[in-house]
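Peer 1: after the sequence you'll find the predicted model.
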Amino acid sequence: MAILENIRKRTTVLILIIGLALFAFVISGVFVNGDVSGKVGSSIAEINGEEISIDEFRQKVDIASRRSANASTMQTVNQVFDQEVRNAILGQQFQDLGVDIEQDQILNYIGTIPSYAQSPQFQNESGVFDQNKFRNFIAELKLNNPEQYNLWLQDEQAIVQSAKQQTYFNLIKAGVGATLKEGELDYKLANDKVDVKYVRIPFTSIPDSTISVSKSEIQTYINNHKEDFKQEPARDIQFVYFQEQPSAADETAVKDAITKLMDDTVEYNAQTDKNDTVAGFRNTTDLAAFLDRNSDVKFDTIYKSKKQLPAKFADTLMTLQVGEMYGPYRDGDFFKVSKMVARKPGGSVKASHILIAYEGAQRANPEVTRTKEEAEAEAKRLLKEAKKKDAKFVELARDNSDGPSAPNGGDLGYFQEGRMVPAFNDFAFGNKVGTIGMVETDFGFHVIKIDDKEDIVQIATLAREIEPSEETTNKLFTNATKFEMESIESNKAFSDLAKENEYLVRPVNKIKATDENLPGLGAQRSIVQWAFQEETNIGDIKRFDLTGGYAVAQVTKAYKEGLMSVEDASAIVLPKLRKERKAAQIIAANKGKSIEDLAKDNNVSASTASALTVKSPTIPGAGSEPAVVGTAFAMKEGATSELIEGNTGVYKLTVTKKTEAPKLDNYSMYATSVKTSREARVNTAVYDALKDASEIEDKRAAFY
């Protein structure tokens with residue numbers, strides 16, 4: 001914390017330390033001329049008086065969006081915004097303190113970035129990052145690929161910023177240390193131990209209902225702890241979701257349609273003036289063409305095992321005879337009819353093998369030096385071992401196989417015909433389960449064990465997705481619009497009107513201006529934007545057209561920036577004030593009592609806890625109690641404490657034993673650990689402190 005305070009105050013010592021940083025210029029100054037960071041247009045944020053241009057910001061969002069196709073627009077905006085705020089805050093520090101880096105430092109930093117350092121195009125013959133190759137690549141990019149070069153300029157700025165940040169934080173870390181005394185203290189905090197006998201009167205022994213807390217007391221607590229009760233602008237909303245989903249009539253219609261397709265139908269042919277018989281799914285001779293015309297799922301010719309079929313229907317489907325059908329049945333959002341087309345008994349084999357490779361065999365590891373004759377002799381030896389009654393094939397494969405399946409005991413899993421090389425394939429499909437034998441392939445000699453066989457089937461499935469009909473979607477729109485209008489015009493409360501119509505009202509509390517996702521609706525930025533518009537008031541209602549339905553939303557509460565109100569903070573403050581009151585009551589009622597009397601009068605038992613440490617102040621059965629454990633360490637062995645207010649109750653304890661950790665000759669290892677721990681917190685802690693001390697005006701909601 002002292003370091004953070006120094007950063008805030010920019011002490012002379014820190015300025016002198018950072019002032020030692022080298023004067024420099026960035027890579028973009030080598031490859032391009034001119035300033036690429038000019039700010040135009042309005043700003044999306046203002047950081048300590050420095051504006052972040054909306055034009056530049058949009059360019060960065062666009063580039064980030066192209067690189068992260070799966071992220072939503074708002075996710076990308078928030079990610080870029082956080083980075084821009086960080087760059088601005090730290091950039092101001094760099095400017096004030098004279099932090100900069102030279103070109104060779106930047107190139108050295110690039111050499112530590114895996115995507116560059118590990119790329120073969122930037123490596124020399126020894127596989128080491130070559131700065132000259134990298135320079136040449138950028139020069140060629142500028143000449144031959146301007147679009148990619150502009151993307152590189154964006155990357156370059158980020159790299160330069162990261163390199164500066166690394167220099168800045170490293171300079172701060174250089175001032176972080178730990179003495180041997182601090183190392184000794186850390187050792188003692190973790191290894192000095194105390195045993196106690198104690199009584200705990202839990203706060204739960206006094207009902208909450210007996211403790212009265214006034215609004216003025218809550219307000220006083222808020223005023224005394226302002227930092228804990230700051231709030232951003234926020235909104236509460238509630239909504240009714242009208243989701244597009246098939247009605248019972250829609251489901252019946254799909255089922256009837258698919259049932260009709262199962263059998264032949266007679267249709268009038270106007271060209272011939274005759275009735276034609278159109279083959280149904282049961283009798284069609286061209287399954288692929290029939291399913292192309294009539295099914296939402298096309299004909300899959302691949303043979304499948306039982307575990308590859310829908311789990312709920314696999315047993316039934318596997319019992320079908322060739323030509324037999326099952327259905328209609330509902331599988332998820334589809335009605336289906338399945339027809340057994342063909343079956344291959346034992347068409348999928350599960351096998352394990354031990355591969356004995358030799359020098360020159362296909363894909364043989366360079367470390368394999370045995371001859372083909374030696375490999376054959378070794379394979380025959382292992383075959384003999386594998387056929388023994390008590391043989392464990394898994395262990396033999398794990399210890400001897402040269403194949404990639406060795407760690408798995410040689411297990412190759414299930415495979416169908418044609419997956420393996422011919423000799424291996426013929427053995428696997430030409431022998432019974434349990435057979436162990438040897439074959440030769442281009443990979444070497446294989447000792448093979450056939451573990452299992454299962455049937456595979458070819459099934460054609462006629463499927464129709466269950467979708468809402470036009471009538472259903474029209475009715476949904478009508479219902480949503482009607483509810484919106486009634487909610488606006490009626491004197492009834494939104495929730496009461498929803499209840500009358502048997503609609504579910506879903507509340508969402510404390511939405512921030514830059515939020516996007518709403519529980520139950522997903523990404524709905526338009527609803528959030530509407531809730532924060534100046535013209536939107538508490539109680540306003542609006543219908544939103546969503547993908548897959550409609551939402552009718554109402555703003556129920558607005559929170560202004562500043563301190564939380566008594567009502568909003570009461571859920572946090574009440575438990576704290578009640579605990580204080582309960583502690584005072586318990587202490588007042590039990591002053592001067594011995595541990596035994598305390599236990600008896602409060603109907604609790606005396607307990608013991610051993611080997612407690614300051615570094616891990618947890619009392620078994622009670623949880624974390626740093627004040628209680630700290631008090632115990634401050635007492636002498638055999639002494640009894642006064643009543644102590646803990647986290648979960650009021651304690652009284654007697655120290656039964658204190659054990660000091662053995663003294664060490666040197667505490668440098670612990671001092672190093674303390675130093676390392678402090679250094680690990682520098683990057684985050686320093687930035688957080690600077691951010692807390694900054695004035696940040698966030699205008700994201702005005703643009704996105």
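Peer 2: The structure has been received and is ready for your questions.

Peer 1: where do the helices sit along the stretch 101-250 of the chain?
Peer 2: Remark: helices assigned in the stretch 101-250 of the chain by DSSP state H, counting those that start in this stretch are 103-110, 114-117, 131-144, 146-174, 180-191, 215-224, 248-260.

Peer 1: Lys226 and Gly562, how far apart?
Peer 2: Taking C-beta to C-beta, to the nearest Å as the measure, Lys226 falls 9 Å from Gly562. Yep, even glycine has a C-beta here, placed from its N, CA and C like the rest.

Peer 1: need the pLDDT of the residue of the chain positioned farthest from its centre.
Peer 2: In the chain, the greatest distance from the average C-alpha position (C-alpha atoms, centre = their mean) is reached by Asp273, at 65.1 Å. Per-residue confidence at Asp273 stands at 76 (pLDDT).

Peer 1: returning to that earlier point: out of the helices of the stretch 101-250 of the chain, flag the one nearest Arg381.
Peer 2: Evaluated over those, closeness to Arg381 peaks at helix 114-117, with 45.6 Å, by C-beta to C-beta.

Peer 1: show residues contacting the closest one.
Peer 2: Contacts made with helix 114-117 from outside it, assessed by C-beta atoms under 8 Å, 6 or more residues apart in numbering, are listed as Ile110, Gly111, Phe122, Gln123, Phe129, Phe134.

Peer 1: hmm, which of those are the buried ones?
Peer 2: Neighbour-count burial (16 or more other C-beta atoms under 10 Å) is assigned, among the contacts of helix 114-117, to Ile110, Phe122, Gln123, Phe129, Phe134.

Peer 1: I'd say the second one and Arg135 touch.
Peer 2: So the one you mean is Phe122. No: shown here, Phe122 and Arg135 do not form a contact pair, counting by C-beta atoms under 8 Å, at 9.9 Å.

Peer 1: re earlier: would CSV of the helices of the stretch 101-250 of the chain with mean pLDDT and distance to Asp82 be doable?
Peer 2: Formatted as CSV, the entries for the helices of the stretch 101-250 of the chain read as follows, by pLDDT from 0 to 100; distance: least, C-beta to C-beta, whole Å:
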stretch, mean pLDDT, distance to Asp82
helix 103-110, 83, 22
helix 114-117, 85, 22
helix 131-144, 87, 28
helix 146-174, 86, 13
helix 180-191, 95, 34
helix 215-224, 94, 29
helix 248-260, 95, 45
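
Peer 1: biggest separation within the buried ones among the contacts of helix 114-117, which pair?
Peer 2: Ile110 and Gln123 (12.9 Å).

Peer 1: identify the contacts common to those two.
Peer 2: With contacts taken as C-beta under 8 Å, 6+ apart, the residues that reach both Ile110 and Gln123 are Ala117, Phe129.

Peer 1: so Glu679 lies in a helix, does it not?
Peer 2: Yes: counting by DSSP: H, G, I helix; E, B strand; the rest coil, Glu679 falls inside a helix.

Peer 1: need the contact list for it.
Peer 2: Glu679 is in contact with Lys173, Val176, counting by C-beta under 8 Å, 6+ apart.

Peer 1: pLDDT value on it, please?
Peer 2: Confidence per residue is given as pLDDT, and for Glu679 that number is 94.

Peer 1: same deal with the one 5 residues further on?
Peer 2: The model reports Thr684 with a pLDDT of 93.

Peer 1: before we move on, what SS does it have?
Peer 2: Using three-state DSSP, the three-state assignment for Thr684 comes out as helix.

Peer 1: since we're on it, how many residues are nearby?
Peer 2: Other residues near Thr684 come to 10 when the count uses other C-beta atoms under 10 Å.

Peer 1: from Leu690, how far out is it?
Peer 2: Between Thr684 and Leu690 the distance, using C-beta to C-beta, works out to 11 Å.

Peer 1: and if you look at Asp55?
Peer 2: In terms of C-beta to C-beta, Asp55 sits 26 Å off from Leu690.

Peer 1: Tyr168 too?
Peer 2: Applying C-beta to C-beta, one obtains 11 Å for the distance of Tyr168 from Leu690.

Peer 1: more neighbours: these two, which one.
Peer 2: The neighbour count for Tyr168 versus Leu690, taken as other C-beta under 10 Å, is higher for Tyr168 (22 against 18).

Peer 1: wait, that one sits on Asp100?
Peer 2: No: contact status for Tyr168 versus Asp100: not in contact, 10.1 Å apart, counting by C-beta under 8 Å.

Peer 1: so for those two, which residues contact both of them?
Peer 2: Phe94.

Peer 1: what's in contact with stretch 47-60?
Peer 2: Outside stretch 47-60, the residues that reach it (C-beta under 8 Å, 6+ apart) are 37, 39-46, 80-81, 84-85, 88-89, 92, 154, 694-697, 703.

Peer 1: can you give me the buried ones in it?
Peer 2: For stretch 47-60, the neighbour count (16+ other C-beta under 10 Å) marks Ile47, Glu51, Ile52, Ser53, Ile54, Glu56, Phe57, Arg58, Lys60 as buried.
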